[in-house]
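Participant: show me the folded form of this:
(one chain, ligands or ions: 1)
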Amino acid sequence: MKIPFTKMHGLGNNYIYINEFETALPEEQLPALAVELADQYRGIGSDGMILIGPSDSADVRMRIFNNDGSEAKNCGNGLRCVAKYAFERGLAGEKTTMTIETKSGNVSAEVHVKENQVRGVTVNMGKPVLKRSLIPMTGSEQDQVVDEKFEISGETLRVTAVSMGNPHAVFFVNRIEEAPLTVLGPAIEKDRRFPDWVNAEFVEVVSKTELNFRVWERGSGITQACGTGACAAAVAAVLNGRSDRNEDITVHLAGGDLTIRWDEEGEVWMTGPAEVICDGVYIPRENR
Ligand SMILES: N[C@@H](CCC[C@H](N)C(=O)O)C(=O)O
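Facilitator: Take a look at the predicted model:
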């Protein structure tokens, strides 16, 4: 068996995309395939695998697997890449605004096209979920987790928790260079207070409209960018009075910038790039 694929990235957050309109993959093999593809030595190398397939409720469906094989419910950088792929390969007709089904609900994405190529994508990421039990996070009965004391590995931090369909723990730091990504990232990710584990984000507030950002992703470790994480960071900045609602916030990630806005109606908007790296055909290990 050979698997046609496209490698794409959004700000360096790269996944192997497989078109399920053309290629059927056995459900039980998906986690292992994600791990195999992501292996930079014997696979292709990536932060994980994303499937683009038919949907009953939207133009296309996205499924995302991290590089440890776990399946997540949402992926911001993935959504922009899926929109670009669907537009350029005619999966959503000629629509420049399309709907995408995810495991956390449907979203809409608008592609910005120049000379028949998608140069950027704006996604309405929907409303953030702030209720503690839905993040999910254990703890006191407090309804929302905003600037809450969080002790871990002998350090005392303060956490704001936001779900963008997937869970995020946001920690503000004074200087992004000092973000304890490798020291505390793995411990936060699997901390028992987050029953589904969590993506850990460190954020420096440069100004009300500018944030520096670094991420330790659940299931993938350090990545160059996390779209849902950038949305969570902007929401957390507003909840902590460090940014304003309805204002564009530029989030500087390791791989580049995203523009995030949490509007008056409660919707979070994300705008940023998406790029194709290459198309290819993968030969699974067992078939070599
Ligand atoms: N990189 C993604 C998020 C991917 C899933 C995440 N690691 C999780 O397990 O929730 C993004 O751009 O949002």
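
Participant: just the helices in the stretch 51-200 of the chain please.
Facilitator: Applying DSSP state H, counting those that start in this stretch to the stretch 51-200 of the chain gives helices spanning 76-88, 181-189.

Participant: out of the ones you listed, flag the one nearest the ligand.
Facilitator: Proximity to the ligand (CB to the nearest ligand atom) singles out helix 76-88 among the helices of the stretch 51-200 of the chain, at 3.5 Å. For the C-beta atoms, the positions are set from N, CA and C on the backbone; glycine is no exception.

Participant: residues from the stretch 51-200 of the chain in reach of the ligand?
Facilitator: Within the stretch 51-200 of the chain, the positions near the ligand by CB under 6 Å from any ligand atom are Ile64, Asn66, Ala72, Cys75, Gly76, Asn77, Gly78, Asn166, Asn199.

Participant: ok, now with 8 Å
Facilitator: 64, 66, 70, 72-79, 164, 166-168, 197, 199 (CB under 8 Å from any ligand atom).

Participant: list the buried residues for stretch 43-52?
Facilitator: Within stretch 43-52, the residues that qualify as buried are Gly43, Ile44, Ser46, Asp47, Gly48, Met49, Ile50, Leu51, Ile52, counting by 16 or more other CB atoms under 10 Å.

Participant: please read the previous query as pertaining to stretch 277-288.
Facilitator: Under the neighbour-count criterion of 16+ other CB under 10 Å, stretch 277-288 has Tyr282 buried.

Participant: does that stretch reach the ligand?
Facilitator: No. Using CB under 8 Å from any ligand atom, stretch 277-288 stays clear of the ligand, coming no nearer than 15.8 Å.

Participant: restricted to strands, list the buried residues of stretch 43-52.
Facilitator: Residues of the buried residues of stretch 43-52 located in strands (DSSP state E): Gly48, Met49, Ile50, Leu51, Ile52.

Participant: just list whatever residues bridge to the fourth one.
Facilitator: Meaning Leu51. Taking DSSP bridges as the rule, Leu51 bridges to Ile18, Arg63.

Participant: doesn't Leu25 make contact with it?
Facilitator: Yes. The criterion here is CB atoms under 8 Å, and Leu51 meets it with Leu25 at 7.4 Å.

Participant: where do the contact lists of these two overlap?
Facilitator: Ile18 (CB atoms under 8 Å, 6 or more residues apart in numbering).

Participant: TSV for the helices of the stretch 51-200 of the chain, including distance to Gly10 and mean neighbour count?
Facilitator: Shown next, in TSV, are the helices of the stretch 51-200 of the chain (distance: least, CB to CB, whole Å; neighbours: other CB atoms under 10 Å):
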stretch	distance to Gly10	mean neighbour count
helix 76-88	3	28
helix 181-189	20	17
